[in-house]
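In: Give me the fold of what follows.
(chains A and B)
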Amino acid sequence: AVSAGSRLLKGRGGHVVIRFALGGCTNRPFFRIVVANSRRARDGKYLEQLGCLDPLPNAHGEKVAGLNLERLRYWLGCGAQLSRPAEKLLGRPG
Amino acid sequence: GKAAQPKPAFTDEAVQTLLYKMTGLDLHKVFRPVKKGLKPPHYKLMTEAQLEEATRKAIEEAKTKLIMPPVLNEREPIDDVLAEDKVLEGTETAKYVFTDLSYSIPHRERFIVVREPSGVLRKATWEERDRMIQIFFPKEGRRVIPPTLFKDENLGTVFQQDRHEDVLNMCIAQFEPDSPDYIRVHRRAYEDIDKRGKHDLLRSTRHFGGMVWYLVSSKKTDGLLLDMINRDLLEDATSLITLYHMLHPECQSAKEAKEGKLQGVDLIKVFVKTESQREGYIQLALQAYEEAMATSSAS
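Out: Have a look, this model is predicted:
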C-alpha cells in the first residue's frame, strides 16, 4: 500500500478520471463506473462508484446501466476527465 | 344537461368511515397466528386493569393493520420520445436502459430512459421502470419478474382453495396500486368471491373496503347484502345502502330515501324493491331475520 501511494506522490501527479473498472467472472464481464486517480490500477482503489454497466443483454434484451447523476455532476464540476468508453456510454442517454 | 355533483372518491372521510364500520373488527381473525418457529406458549399473569390495557393496545394495532390500500385508476402508458438520432442507427444490437441512481429522488420522479438500436431515445414503460427500480432498490416481498401465480389460469386454482386474502397480500407487495396487473388481480378476486358468495373470507381484513367499493361501483351488491342479512348485520346493510346512494344519487331508491328519510329495515326494503336483481332471496332472508327477532324478543 505504501509503495503504490508513494508512486502517486512522486513524479508527475495524476488526475481524476471517470472510467470503467472490470469485474465479474470468466466469460461474464461487468463494469463499474468509477471515479479514480488515473495512475491507479484499473480495478484498484477508487474515490467513488457512480454506477454500473452490464454489457450482456438480459432476458428482455436490454443492457442495464445505472448512473448516479447527482454525484456525476459533482465530479464533472470538479474537473474529472472521461475515458473513451465512458464518453460513449454517457453520450447515449444524452 | 346540468352538471352532476362530483362523485365521491374512495378517499373521502364519509366513505372511509362507512367502509371501516363494515369491515368489522374481529381480533381473533386479525391476530390469527401466522406460521412461525415453534415456541412454548407464554403465560402472563395480569390484573383486570392490565388486561383492559392490553386489549386496548391490541385494538390500536389492529386498526393500523386494517388500513385500506388505496384504490386508484389505471395509470396511463408512458409514450414520450426524447430524441431521435439516425446517426446511431445500426451501431448496437440491444437496447440500453439507463437508470438514475441518485439516492434522494422519489421513485416516481426517477429518470429511466431507453436507447433503442434504431437510435430512438424514449422514456421507459411502466413495466421497465418497475423492474429497474426493483433491481437497484430492492423492496422486500417483490420479485424482479412478477411470479406466475398472478396469471389468470393460476389464479383460478388459488381461488378454489379459498386463499384470496393471501393472494391479495402478495399482490399488494408486488405491484404498484395503479398498475393494470394489480387492478386486474383484485377485480378477479372480488368477482370470484361475489360469484361464490364467500364475502366473509375478507370480512376483518384490509381488503374488505376495496371489495365493497368495487361491488358498489359496478352495482353487484346483492350477494353482499344477502350475506350481511344472513349474519344479522343490519347496521352494515344500512351503511352499505347509504354508500350506494352516495355513489349513485340518481337512482330511484336514493330519491325515495331522501324524500321519506327512511332508516333501518325500511331503507333495505325500498332498496331491494327498486335496485336488486335477486329480490326473492333477499325478501326471504329479511323475513327470516324478522321472525328470529320476534321470537327472541318474545322469549
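In: shaky segments in the chain?
Out: Reading this off chain A. For chain A, the stretches flagged by pLDDT under 70 are A:1-12, A:94.
In: Chain B, not that one
Out: Residue ranges of chain B with pLDDT under 70: B:1-12, B:24-41, B:260-264, B:299.
In: Just give the closest residue to the residue positioned nearest the centre of it, not the sequence neighbours.
Out: Nearest to the geometric centre of chain B sits residue B:210, at 2.9 Å (Cα atoms, centre = their mean). With sequence-adjacent residues excluded and distances taken as Cβ to Cβ, 6 or more residues apart in numbering or on different chains, residue B:210 is closest to residue B:71, at 5.5 Å. From N, CA and C alone the C-beta is placed, and that goes for glycine too.
In: sorry, back to before: CA-only coordinates of the strand or helix carrying the residue nearest to the centre of chain B in PDB, if you can.
Out: If you go by DSSP states H and E, residue B:210 is part of helix B:208-217. C-alpha atoms of helix B:208-217 as PDB (Å, rounded to 0.1, in the frame of the first residue of the first chain):
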ATOM      1  CA  PHE B 208     -62.800  -5.600   2.600                       C
ATOM      2  CA  GLY B 209     -63.100  -1.800   1.900                       C
ATOM      3  CA  GLY B 210     -61.800  -2.200  -1.600                       C
ATOM      4  CA  MET B 211     -64.100  -5.100  -2.300                       C
ATOM      5  CA  VAL B 212     -67.200  -3.100  -1.200                       C
ATOM      6  CA  TRP B 213     -66.100  -0.100  -3.200                       C
ATOM      7  CA  TYR B 214     -65.800  -2.200  -6.400                       C
ATOM      8  CA  LEU B 215     -69.100  -4.000  -5.900                       C
ATOM      9  CA  VAL B 216     -71.000  -0.800  -5.200                       C
ATOM     10  CA  SER B 217     -69.400   0.900  -8.300                       C
END
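In: Residues in contact with that helix: which ones?
Out: Applying Cβ atoms under 8 Å, 6 or more residues apart in numbering or on different chains, the external contacts of helix B:208-217 come out as B:10, B:15-16, B:19-20, B:22-24, B:68-69, B:71, B:186-187, B:189-190, B:193-194, B:199, B:202, B:221, B:223-224, B:240, B:243-244, B:247.
In: Pull out the buried residues from the strand or helix carrying residue B:64.
Out: Using DSSP H and E, residue B:64 sits in helix B:48-65. Neighbour counts over helix B:48-65 (16 or more other Cβ atoms under 10 Å in any protein chain shown) mark residue B:62 as buried.
In: I'd like the distance between residue B:123 and chain A.
Out: For residue B:123, the distance to chain A equals 11 Å [Cβ to the nearest Cβ, to the nearest Å].
In: Now the phi/psi pair for that residue, please.
Out: Dihedral angles of residue B:123 (phi, psi; degrees, to the nearest 10) stand at phi -70, psi 150.
In: residues contacting it?
Out: Contact partners of residue B:123, counting by Cβ under 8 Å, 6+ apart, are B:78, B:79, B:80, B:81, B:82, B:112, B:113, B:114.
In: So among those, which ones count as buried?
Out: B:112, B:113, B:114.
In: How far off centre is the helix or strand hosting residue B:16?
Out: Element membership for residue B:16 (DSSP H and E) is helix B:13-23. Between the centre of helix B:13-23 and the centre of its chain there are 13 Å (Cα atoms, centre = their mean, to the nearest Å).
In: just to revisit the earlier point, and the contacts of residue B:123, which is closest to chain A?
Out: Nearest to chain A, judged by Cβ to the nearest Cβ, of those is residue B:113 at 5.3 Å.
In: Specify the local secondary structure of that closest one.
Out: Following DSSP: H, G, I helix; E, B strand; the rest coil, residue B:113 is assigned to strand.
In: now it: how far from residue A:67?
Out: 10 Å (Cβ to Cβ, to the nearest Å).
In: what touches both of these two?
Out: By the contact definition Cβ under 8 Å, 6+ apart, residue B:113 and residue A:67 are jointly contacted by A:93, B:98.
In: Which residues of the stretch 1-150 of chain B lie near chain A?
Out: Those residues of the stretch 1-150 of chain B that sit near chain A, judged by Cβ under 8 Å from any Cβ of the partner chain, are B:82-83, B:88, B:93-104, B:111, B:113-115, B:121, B:128, B:131-132, B:135-136, B:145.
In: What pairs with the longest strand anywhere in chain B, parallel or antiparallel?
Out: Looking across chain B with DSSP state E, the single longest strand is strand B:95-100. Strand B:95-100 has its sheet partners listed here by DSSP bridges as strand A:62-67 (parallel), strand B:112-115 (antiparallel).
In: Sounds good, over and out.
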